[in-house]
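S.K.: below are the sequence and a predicted model; questions follow.
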Amino acid sequence: MSYNAGHQLLEFLQEELSVANKLTEVRAELALANQIVANEGIIDAFGHVSMRHPDNPNRYLLSRSRAPELVTPDDFIEYDLNSQPLRDPGVAQYSERVIHGEIYKARPEVMAVCHHHCPAFMPLIITGADYVPVFHLGAGAGIKPPYWNQHDEFGDTNMLVIKPEEGASLARALGKEWMVLMKRHGVTVAGTSVRDCVFRSIFSARNAEFQVRAMMIGGTIASLTPGETHMAGQLVKNTTGLTRSWEYWSMRVAKSGGIASPAKKAAKKVAPAKRARSKAKRR
């Protein structure tokens, strides 16, 4: 083999290894995201978090059909934007995966999607009340995000979003916003990254809980102004809030027995080395 051919082969192998390592990392982060939203009470046995493929914008990653709290890095299936798996996974798949595929198809800037039925939102969704940001961390979902009523376009259904045309209709309702309320069903949240999507999902649910409690007290619900909502919505980009929140939620998952946080993994790696040094000193 010539020097040039060998050099090209080495570069190819290094690139392939880099891609494989990157996919390993994003699968781990996406598995943790699923466990975080489950641990924080946003998702129970139903619901899911996906991410756009880091190297191919025409594909996305979504777990096989299982409770999000149990999702591991090995559970993810690679889909095209028509929500068809690239290869037969040999396992059950989420029936509502078109929610994700059609949003990725309609919104190139969306990098992650979360669909959930958080109890905090259900009073709003059942009554058709508008979501309004009542504290600064609830601003990421905007003021009065759009509603989507499946019955308006498709009549009586089992309420699941399983047809491509249903997913496309939901994506149109979302428009350029970051959250859409699904009447008598649930909520779908989009994000610019997995962590951004998780942040929006969790804090919009906290906001909905505060809003509903305030409505029960009575009186006028004081929403953030449009200016306050815009500026507060930038906190994720302009402060350490996203990183701090992710570390906090990750540690809570680790304490509950789920995927270990990076800090916990690092500690496990250091421990054997310390034990080895200790033995060497005793000798």
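M.R.: That came through fine. Model, not experiment: these values are computed from the prediction.
S.K.: check whether His116 really touches Gly47, as I assumed.
M.R.: Yes. With contact defined as CB atoms under 8 Å, His116 counts as touching Gly47 (4.0 Å). Quick note: C-beta positions are derived from backbone N, CA and C, even for glycine.
S.K.: so for the two, which residues contact both of them?
M.R.: Common contacts of His116 and Gly47, defined by CB atoms under 8 Å, 6 or more residues apart in numbering, comprise 37, 186.
S.K.: tally of neighbours for Pro226?
M.R.: Using other CB atoms under 10 Å, Pro226 is surrounded by 10 other residues.
S.K.: residues contacting it?
M.R.: Ile143.
S.K.: helices along the stretch 151-283 of the chain, start to end?
M.R.: Using DSSP state H, counting those that start in this stretch, the helices of the stretch 151-283 of the chain run over residues 164-174, 194-217, 226-233, 235-238, 241-255, 262-282.
S.K.: would you turn these into JSON lines with mean pLDDT and distance to Ala129?
M.R.: Shown next, in JSON lines, are these (pLDDT from 0 to 100; distance: least, CB to CB, whole Å):
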{"stretch": "helix 164-174", "mean pLDDT": "98", "distance to Ala129": "17"}
{"stretch": "helix 194-217", "mean pLDDT": "97", "distance to Ala129": "8"}
{"stretch": "helix 226-233", "mean pLDDT": "95", "distance to Ala129": "18"}
{"stretch": "helix 235-238", "mean pLDDT": "82", "distance to Ala129": "25"}
{"stretch": "helix 241-255", "mean pLDDT": "95", "distance to Ala129": "27"}
{"stretch": "helix 262-282", "mean pLDDT": "44", "distance to Ala129": "40"}
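S.K.: which residues of the stretch 1-150 of the chain fall in helices?
M.R.: Under the criterion DSSP H, counting those that start in this stretch, the stretch 1-150 of the chain contains helices at 3-39, 98-106, 122-127, 150-154.
S.K.: ranking those by mean pLDDT, which is last?
M.R.: Per-stretch mean pLDDT for the helices of the stretch 1-150 of the chain is lowest at helix 3-39 (a mean of 75).
S.K.: returning to what we had before: of the helices of the stretch 151-283 of the chain, which approaches Thr127 most closely?
M.R.: helix 194-217 (9.5 Å; CB to CB).
S.K.: and that closest one, C-alpha only, in CSV?
M.R.: Provided in CSV are the C-alpha atoms of helix 194-217 (Å, rounded to 0.1, in the frame of the first residue of the first chain):
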residue,chain,number,x,y,z
VAL,A,194,-31.9,18.3,23.7
ARG,A,195,-31.1,20.3,26.8
ASP,A,196,-33.0,23.3,25.6
CYS,A,197,-36.1,21.2,24.9
VAL,A,198,-35.9,19.6,28.3
PHE,A,199,-35.6,23.0,30.0
ARG,A,200,-38.6,24.3,28.1
SER,A,201,-40.6,21.2,28.9
ILE,A,202,-39.9,21.2,32.6
PHE,A,203,-40.3,24.9,33.3
SER,A,204,-43.4,25.4,31.1
ALA,A,205,-44.9,22.6,33.2
ARG,A,206,-43.9,24.4,36.4
ASN,A,207,-45.4,27.6,35.0
ALA,A,208,-48.7,25.7,34.2
GLU,A,209,-48.9,24.4,37.7
PHE,A,210,-48.4,27.9,39.2
GLN,A,211,-50.9,29.4,36.7
VAL,A,212,-53.6,26.8,37.6
ARG,A,213,-53.1,27.3,41.3
ALA,A,214,-53.4,31.1,40.9
MET,A,215,-56.6,30.6,38.9
MET,A,216,-58.0,28.6,41.8
ILE,A,217,-57.4,31.5,44.1
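S.K.: now Val26: how far from Pro54?
M.R.: 5 Å (CB to CB, to the nearest Å).
S.K.: how many neighbours does Ala173 have?
M.R.: Neighbour count for Ala173, taken as other CB under 10 Å: 20.
S.K.: swap in Val187?
M.R.: 27.
S.K.: what sits against the nearest residue to it once chain neighbours are set aside?
M.R.: Leaving aside its sequence neighbours, Val187 sits nearest to Phe121 (CB to CB, 6 or more residues apart in numbering; 5.3 Å). Taking CB under 8 Å, 6+ apart, we find Phe121 in contact with 131, 181, 186-187, 205, 208.
S.K.: and for Val234, the neighbour number?
M.R.: Actually, residue 234 is Gln. It isn't Val. Gln234 has 11 nearby residues by other CB under 10 Å.
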